[in-house]
Every structure is written in structure tokens, then in C-alpha cells.
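> Output the structure for:
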Amino acid sequence: MEKSKALIIQGIRIDWSKIPEDNYVREIPAVSGIKTLEFSSPVTFFVGENGSGKSTLLESIAVQYGFNPEGGTKNYSFATYNSHSELYRALTLIKGTNRARWGYFLRAESFYNVATAEEKYSREGGTPQFLHEKSHGESFLATAQENFRPGGLYLLDEPEAALSPQRQMTMLMEIYECAKQGSQFIIATHSPVLLAMPDAVILSFDGEQIHPCQYEDTESYRITEMFINNREQILNYLLK
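Here you go, the predicted structure:
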């Protein structure tokens, strides 16, 4: 997978004058410090502790691009609960020369609602996927495999949430192969398996500013390594 200057989304700009002073996104340190953010690789990971703003920013990019806030393709139009932030209103996408042939916003948090909407759409003439008849992990992976296509734009929010470690490795292979065929991925994740993707750029939201991070320096990798190598000591400390 080679880095490309012809990404579908090359970066973002945020005009903070469009965000009310009392809006909660101004209280997220890493996000409130963004004026511009550039993407330089077909696969970009957002990492950081819960509440660091990675999903908030990913969701805003998705909504500004035209995806349904709860997930799906740009053709999905439904709302179960309006919870997305107003950040997208202040966000401008810096688009590259390539245009997406397809796209999907896959988020673990609201995937059940997407699966329900997919059943409805299939009754109206689409191809049924029978997602509710599969396990959560099976339907999640099947949706990714069905929608990952060459030249697409894919925004994934914690895709590992429904997947076993083995299925996370399958997801890694699917993403890698699709990115080699001209697709772009922006992924918020805690998975040390997915983060091991060769040539991906990892952006950490921990601290005051978003900053590049090496794989071995991510909290996901460091804590997993520490736990595996010192399991008994850590359990004794935690459960003492």
C-alpha cells in the first residue's frame, strides 16, 4: 500500500466561529485545537482514550461528506436518535482529485439500527443481507466485506467492537487489500491488531493536540503488551 497525493479527502478545516461558545466540542482539547488537519495515507487511524474526541471528529467528517449519522451508505436516510454534534457545520472537507466510487460509514455504536434499516431497504428492491439472522460479529464483518470496493471512501468507528481477534485480522486484510485498490479509510479504533496495518498513519488524540504516533507508542499496544507479559502481577494489583 503506497501513500498517495490523490486521496479522496486530503484534509479538513474547521471554522470555530460557527460553533457556539458553550458547545461541548470546545471542551475537547484535541478537537478544539484543530484548524486544519491533513491526511497523507490511504489508511489513517484515530487513537486515544475514551472521550478524547476521535469518534466526534470521525462522525463530523462522515456527516459533512453526506453519510447518515448512524451509519450506512450515502443512500441511507433514517434517524433513531439525534446525537451527533454540531461540529460538522463548521467543518470543510479538502477533497483530492479522486472521487469516491462508493462509500460506507460503519460504526459499532449504531450498527443494529443500520441492520434494521437495511432490512427495510431490501424489501423496497435492494438485495437482502439478512444481517439480523447472523451474529453481531458475523453481520458486522459481512457488511464490511459487501461494501469494501476499489476506489471507495470508508469511515469506520471502532470496527473491532464486534469482532474476535481472529476476525480483526480478517478485517485488517480486507482493509489493506481495498486500500491497495485506491480506497481511503479513516478509522477510530482501540485495536492493536488493526493498528498494526503497514504504512498506515496513526494520529493520537491524547494530550492537547492531535499528533502522529508510532504503533509501539500507542496506548493500545503498550497496555496489551504489558498485560500479556505481566498478567499475574497486574491481576494481583488490580484485584488485591
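> So what's the gap between the helix ranked longest in the chain and the chain middle?
Ranked by residue count and defined by DSSP state H, the top helix of the chain is helix 165-180. When distances are taken as C-alpha atoms, centre = their mean, to the nearest Å, helix 165-180 is centred 14 Å away from the chain's centroid.
> On the C-terminal side of it, identify the next helix or strand.
Following helix 165-180 in sequence order, the next helix or strand is strand 184-188 (DSSP states H and E).
> Note down every partner strand of that following strand and its orientation.
Here strand 184-188 is paired, per DSSP bridges, with strand 43-47 (parallel), strand 152-157 (parallel).
> Which of those has the lowest mean pLDDT?
Among the strands paired with strand 184-188, strand 152-157 has the lowest mean pLDDT, at a mean of 94.
> what angle sits between that strand and helix 165-180?
150 degrees (axes from the mean of the first three to the mean of the last three C-alpha atoms, to 10 degrees).
> residues making contact with strand 152-157?
Residues from elsewhere that reach strand 152-157, judged by C-beta atoms under 8 Å, 6 or more residues apart in numbering: 8-9, 55, 58-59, 61-62, 65, 67, 100-109, 144, 147-148, 175, 178, 183-189. Placement of C-beta: from N, CA and C, glycine included.
> of those residues, buried ones?
In the contacts of strand 152-157, burial by neighbour count holds for 8-9, 55, 58-59, 61-62, 65, 67, 100, 103-108, 144, 147-148, 175, 178, 183-189, counting by 16 or more other C-beta atoms under 10 Å.
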